Structures are given as C-alpha cells and as structure tokens.
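[1] Sequence and predicted structure, then a few things I'm wondering about:
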Amino acid sequence: MKITCLSDLSDPVKCPSLVIKVGSSLLVDRDGVRAEWLSGLVAEIAAARARGQNVIVVCSGAIALGAAKLGLEKGGRGKLSDAQASAAVGQIVLSGLWAELLAGYGLVAAQMLITLEDLELRRRYLNATATLESLLDEGVVPVINENDCVATHEIRFGDNDRLAARVAQAARANAVLLLSDVDGLYDRDPADPDAELVREVHHITPEVKAMATSESASGMGSGGMTSKLQAAEIAEFAGIALAIINGIHERPITQALENDRGTLFVPRKRKAGARMVWLGGRLRLKGSIIVDDGAATALREGASLLAKGITGVEGSFKRGDAIAIMDSSRTKIAHGLSEYDASECFAIKGLHSKYLYEMLGYAPRSAVVHRDQLVLK
C-alpha cells in the first residue's frame, strides 16, 4: 500500500518500518540536552512500536555534547581533531540517553556507528542490512549515527539527512521522517513573508531544488534543506516516502501528523532490484564519463554505454568502480559500474567497437558500462 499523506506514517499497515532522523539543533541547545523534548519524542517512538511499527533512529548530537563537556570552541567543529574527540566523548553520553529513556518503555536500544564506506561498499552494505534486519526482528530500536570519531572530510556523509535515507534503503524501510527546524520545504526562503509551504512533492525537479536554502537556522547542525532534498532523491529512487516536519515542538511527530503540517515526498513505484537501488543511492563516485546526445538518448531507452558515445572522461577510476554518466550539458543521467579503467576509457572514447582491439591490444568487453550495471537518475 502506498503512502500518500503524512498521517500514513503512523499507519502500521502502510508504514511497517520508519526511520526517524533527529538533528543536533533539536536535541541540544546552549544549555545542553533538551531533556523534556527528548522524553516526549521517545514516548512517540514507544507509541509507534506499540502499534506495530519498527522504528530506526538516526541521531546527531555527539559532537555538540562532547564539545560542551570538553569546553571546545565552535561546538567542536573548529578542526577535524576537535570534532573527532568531541564525538568520542559525546557518543557515549548520547547512546546512554537513548538506552535509558527507551528502557522506561520496556524497549531495548542498540547503537550502530556507520561510516560512508559501510554503505557504499557492497559487502559492508549487505552486512549492515543483515544487522539491521536482525535487530528489528528482535524488537530492538537501532540508534544510528555517523562514526565521527574516525570519519574524515573525504569519506563521510557530512550530514545525517542522507545517512537516514541510505539507512532506510539498507533496512528496506517504508518511510523516512526528517525532524527539522522549519515546517518543511517552502517555495522560497522561509524568512520571506510570502513563502508558502509545499505540502507534496511527486518528483524532485530542478525547480524543486531551486526552492532550497543551503543553511540551517540553528548553526549547530551540518545539514540544510539542500541535504534534505538530496536525501529525498535517494529515498525516491528506492520507492521510500520521505517527510520533513518541524521538530522543535513538544511531541513533534504527533503535532505534524495530526495537523497535516509538513512536506511529503511521495514515493514512486520501485522498479529496480536491491542491487540497483544500492547503486543508484551511492554518494561517492570515483569519476565520470561525458556522453554525446545520441548516447544519452540510447541510455534512456535501455541501451548499454558504448565507447563510440563517449566524449570525455574525468577522475581516476578502476574497472568495477561506480561512476557518473553525464550528458553534453553535464547533467548527471546515470550511475554505473565501469568495465574499464579511466585511462582505457580515455583511449577508446569516440571509437567504434571494431577499432577497440587495435587500440587496447586485447579483446574488448561488450560495453563500457553494461545496461545491467547502470541506473538512470
């Protein structure tokens, strides 16, 4: 059954499994943890579990909590080593809070710390999927955060919005609920008095992306509306609903769902299998191939990418790496697994298949990116 409105997120038939993302600015203020607010949210999670829904929490706040304890400037984000130290101190506090509050409702919490590569590398992704499946089967509430103790700028999500969408993919969840510091997506900067809340989005177009602002209001988190739209794109491809609601209020989920106040990104019917969903949701690509208009049309019609249609190669990638495929206007049209190294792609770009042996010195593969290893965006 398809999720078509916000209230469906509380329906265990339409939404058996829900990922809830909680940002730093909601959990922590200048005085520390918003204990009363968090208690109310945990009560809502317990109510969801009582009506038969599985719940996964993706929660920021470790860096903010740790920085406060250590007395570090800039909320612990002044430099990478400060952020990592703050995360190490804050994460144990954060996990303890969740475990204690959930235990008050007879629920068991589990901590999972995830890096970008845990969900980008196929084998580790499958391991994460198996762990989540086992925890949910046992009635546990997984509480997930990025492993900021070891993540660096080069290999991290950078925001928990996209992490929540990727976790939802791995867990085969039905919906993601992003608790924000605004009511949802507005058609322009919400500070503008003429701004209007967008209630439903059926497809993320360039016009929808143009509505986003890049900054969060609090200055404490790392995400903004742009990251939330990126999360919605990941969810949309996987056939997962995503909603943005205002999390500032007490019992925020109840308020938003009962008052139908928020933005729902309606899921499209999932056509791809699990492997293609994983590929389509990848955030870290090793390079890109630019193709001509004829190749772009052929790809959209279900063809493989041949060398003849390639006009440019960027990045350093090996055979089997995930790459982006872009059209002549440099718009990303697909993700795929390359059958050749970047240097080989550069050598054969624009060549007809009958000339590939002469250029490479060995029997060429059938395609640069085979259609079975390619996902249109």
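    Sure, I can see it.
[2] quick one, what contacts the most centrally placed residue in the chain?
    What sits nearest the mean C-alpha location of the chain, by C-alpha atoms, centre = their mean, is Arg162, with 2.3 Å. By C-beta atoms under 8 Å, 6 or more residues apart in numbering, the contact set of Arg162 is Ser227, Gln230, Ala231, Ile234, Leu283. Every residue, glycine included, has its C-beta placed from N, CA and C.
[3] ok, now with 6 Å
    Arg162 makes contact with Gln230, Ala231, according to C-beta atoms under 6 Å, 6 or more residues apart in numbering.
[4] so where do the strands sit in the stretch 1-150 of the chain?
    17-22, 28-29, 32-33, 54-59, 109-114, 141-146 (DSSP state E, counting those that start in this stretch).
[5] ok, Ala212 - how many residues close by?
    Number of residues near Ala212 (other C-beta atoms under 10 Å) recorded here: 17.
[6] Same question for Glu200.
    Neighbour count of Glu200, defined by other C-beta under 10 Å: 15.
[7] on that earlier part again, looking at the strands of the stretch 1-150 of the chain, which is closest to His370?
    Among these, the nearest to His370 by C-beta to C-beta is strand 109-114 (29.8 Å).
[8] what comes into contact with the closest one?
    Applying C-beta under 6 Å, 6+ apart, the contact partners of strand 109-114 are Ser95, Trp98, Ala99, Leu102, Leu135, Val140, Val141, Pro142, Val143, Ile144, Asn145, Asn147.
[9] ok, so of those, who is nearest Lys69?
    When these are ranked by distance to Lys69 (C-beta to C-beta), Ser95 comes first, at 14.5 Å.
[10] re earlier: would you mind measuring from the residue nearest to the centre of the chain to Arg284?
    Going from Arg162 to Arg284 by C-beta to C-beta, to the nearest Å gives 11 Å.
[11] one step back: ok now the helix or strand harbouring the residue nearest to the centre of the chain, how far from the chain's centre?
    Arg162 belongs to helix 160-171 when assigned by DSSP states H and E. Taking C-alpha atoms, centre = their mean, to the nearest Å, the mean C-alpha location of helix 160-171 is offset from the chain mean by 4 Å.
[12] For Trp278, give its distance to Gly287.
    19 Å.
[13] and what of Ser7?
    Separation of Ser7 from Gly287 (C-beta to C-beta) stands at 44 Å.
[14] And for Ala241?
    Relative to Gly287, Ala241 is positioned 32 Å away (C-beta to C-beta).
[15] for Ala235, what are its contacts?
    By C-beta under 6 Å, 6+ apart, Ala235 lies in contact with Ala165, Val176, Leu242.
[16] Name the SS class of it, please.
    Three-state call for Ala235 (DSSP: H, G, I helix; E, B strand; the rest coil): helix.
[17] Let me know the pLDDT of it.
    As summarised for this prediction, Ala235 has a pLDDT of 92.
[18] Verify the contact between Ile323 and Glu339 for me.
    No. Contact criterion C-beta atoms under 6 Å: Ile323 and Glu339 do not qualify, at 10.5 Å.
[19] list the contacts for Ile45?
    Here Ile45 is in contact with Val55 (criterion: C-beta under 6 Å, 6+ apart).
[20] if I look at it, how far off is Gly184?
    Ile45 is 21 Å from Gly184, where distance means C-beta to C-beta.
[21] what would the contacts of Ala235 look like in TSV with neighbour count, pLDDT and distance to Phe265?
    Output for the contacts of Ala235, formatted as TSV (neighbours: other C-beta atoms under 10 Å; pLDDT from 0 to 100; distance: C-beta to C-beta, whole Å):
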residue	neighbour count	pLDDT	distance to Phe265
Ala165	32	94	10
Val176	31	98	9
Leu242	30	97	4
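[22] and Cys149, how far is that from Leu185?
    Relative to Leu185, Cys149 is positioned 33 Å away (C-beta to C-beta).
[23] Which one's more surrounded, those two?
    The residue with more neighbours, out of Cys149 and Leu185, is Leu185; 25 against 19, by other C-beta under 10 Å.
[24] out of Ala241 and Gly287, which sits in the busier spot?
    When Ala241 and Gly287 are compared for neighbours, Ala241 comes out ahead with 28 against 18, by other C-beta under 10 Å.
[25] Can you report phi and psi for that one?
    When quoted as degrees, to the nearest 10, the phi and psi of Ala241 stand at phi -70, psi 150.
[26] Ok, the one 4 residues further on next?
    Backbone torsions of Ile245, given as degrees, to the nearest 10, read phi -130, psi 170.
[27] mind checking how far it is from Val198?
    Taken as C-beta to C-beta, the span from Ile245 to Val198 is 13 Å.
[28] residue ranges with poor pLDDT in the protein?
    Applying pLDDT under 70 to the chain picks out residues 151-156, 158, 213-223, 270-272, 283.
[29] how does it divide into domains?
    Domain assignment for the chain by automatic domain parsing gives 6-277, 285-376.
[30] what's the most buried one of those?
    The highest mean neighbour count among the domains of the chain, using mean count of other C-beta atoms under 10 Å, belongs to domain 6-277: a mean of 19.
[31] Please give the centre-to-centre distance between that domain and its chain.
    That offset, for domain 6-277, works out to 9 Å (C-alpha atoms, centre = their mean).
[32] ok, of the contacts of Ala235, which one's closest to Trp37?
    Checking these against Trp37 with C-beta to C-beta, the nearest one is Val176 at 20.4 Å.
[33] list the contacts for the closest one?
    Counted by C-beta under 6 Å, 6+ apart, Val176 has contacts Val19, Ala164, Ala165, Ala168, Ala235, Leu242.
[34] what's across from the first one in the sheet?
    Okay, so that is Val19. Counting by DSSP bridges, Val19 forms beta bridges with Ile56, Val176.
[35] Next: the last one.
    For Leu242, the beta-bridge assignment (DSSP bridges) gives partners Val176, Phe265.
[36] got a list of what it touches?
    By C-beta under 6 Å, 6+ apart, Leu242 lies in contact with Val176, Ala232, Ala235, Phe265.
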